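Q: return atomic coordinates for the entry below.
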Amino acid sequence: MFKISEKKLTILIVDDMPKNIQVAAGMLSRYGYQIAFDENGESALLHTKEVRFDLILLDIIMPGMDGYEVCRRLKDNPETKAIPVIFLTGKTDTESIVKGFEIGAADYVTKPFNEAELLARVNTHLELKKHRDYLENLVQERTAALRVMLEVREEMLSKHEEKIAANILHRLFPIVENLRERLTTCEQEECLTLIEAGLGELFSASAQKLSSPRFNLTPTEIKIAGLIRNGKSAKQIANILGIEEGTVLFHRGNIRKKLGLLHLKTNLKIFLQAMDS
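A: You can find the predicted model right below:
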């Protein structure tokens, strides 16, 4: 292992010939790179589990596991697939070079090493990795920011919906009831019924389910169901809607029948709350 560079960029050299490692390491360490090395493929793979290397110089021809297999395993591993691999090879035939690129190598350097060529290729792929890492971090940051924005949006929507529900409950419903007492024509009655039904649909997410053919609750029943879902007692509902408590109990009984809650132990409030989930 050589002196740690100020750049803190770590290069792993894998070659079964110690002399090749010494030559390559000597060239690169002069430019401030941190160097690690292994003399076989199995050791190199174990090494990559312990250290996050910025680049790997990998010999192709080695006893046991050759460089092609080492590269293939590196690229199959999500933890190491992004590490650029430069093959060290004495082979310059097209077939060997193409095979290396197909497996996932970023480049190749021929042996014996030319210092200028080795440094140029190493610098190029480290720079490319730097930009890829920057873009990946940028995407992660933007994704995290978007997630926060969506959470804030959901929170604001939730508060907005609560405010709408409160206004419908405490302001609009009482107005509708007052208007009902002043109706003089059937046409007015029909209009008010439509308004009441629309308010009932806005009041709760479960309202659409309750008004569906499956349950077929009336607008008044939907309104009372919404108040029950919010924990209001029959007496409270009667005061809010300006009707008799007995009328509320009558409607509550109808609601239970339409929802199929024949067993009296079934909690109507919990059932209605579950419909909103």
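
Q: in this protein, where's the longest helix?
A: Ordering each helix of the chain by length in residues (DSSP state H) puts helix 115-167 first.

Q: do me a favour and average the pLDDT over it.
A: Taken as a whole, helix 115-167 carries a mean pLDDT of 84.

Q: so how far is that helix from its chain's centroid?
A: Distance, stretch centre to chain centre, for helix 115-167: 11 Å (Cα atoms, centre = their mean, to the nearest Å).

Q: and if you look at stretch 35-45?
A: Taking the mean of its C-alpha atoms, stretch 35-45 sits 36 Å from the chain's own mean (Cα atoms, centre = their mean).

Q: now it: average pLDDT?
A: On average, stretch 35-45 scores 95.

Q: CA atoms only for that stretch, dumped as PDB, please.
A: Extracted C-alpha coordinates of stretch 35-45, given in PDB (Å, rounded to 0.1, in the frame of the first residue of the first chain):
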ATOM      1  CA  ILE A  35      -2.900   3.000  -4.300                       C
ATOM      2  CA  ALA A  36      -4.100  -0.500  -3.200                       C
ATOM      3  CA  PHE A  37      -3.300  -3.800  -4.800                       C
ATOM      4  CA  ASP A  38      -4.100  -7.400  -5.100                       C
ATOM      5  CA  GLU A  39      -2.400 -10.300  -6.900                       C
ATOM      6  CA  ASN A  40      -5.400 -12.400  -7.800                       C
ATOM      7  CA  GLY A  41      -9.100 -11.900  -8.700                       C
ATOM      8  CA  GLU A  42     -10.500 -13.600  -5.600                       C
ATOM      9  CA  SER A  43      -8.600 -11.300  -3.300                       C
ATOM     10  CA  ALA A  44      -9.600  -8.200  -5.300                       C
ATOM     11  CA  LEU A  45     -13.300  -9.000  -5.000                       C
END
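
Q: buried sites along that stretch?
A: For stretch 35-45, the neighbour count (16 or more other Cβ atoms under 10 Å) marks 35-41, 44-45 as buried. Just so you know, the C-beta spots here come from the backbone N, C-alpha and C atoms, and that holds for glycine as well.

Q: now swap in stretch 134-144 and tell me
A: Within stretch 134-144, no residue is scored as buried using 16+ other Cβ under 10 Å.

Q: low-confidence stretches in the chain?
A: 1-7, 157-158, 161-162, 164-166, 168-169, 190, 193-194, 196-208, 211-212, 276-277 (pLDDT under 70).

Q: quick check: phi and psi on the residue at the greatest distance from the centre of it?
A: Ranked by distance from the centre of the chain (Cα atoms, centre = their mean), the top residue is Thr184, with 57.0 Å. The phi and psi values for Thr184, taken as degrees, to the nearest 10, are phi -120, psi -20.

Q: what's the distance between it and Leu192?
A: Using Cβ to Cβ, to the nearest Å, Thr184 is found at 11 Å from Leu192.
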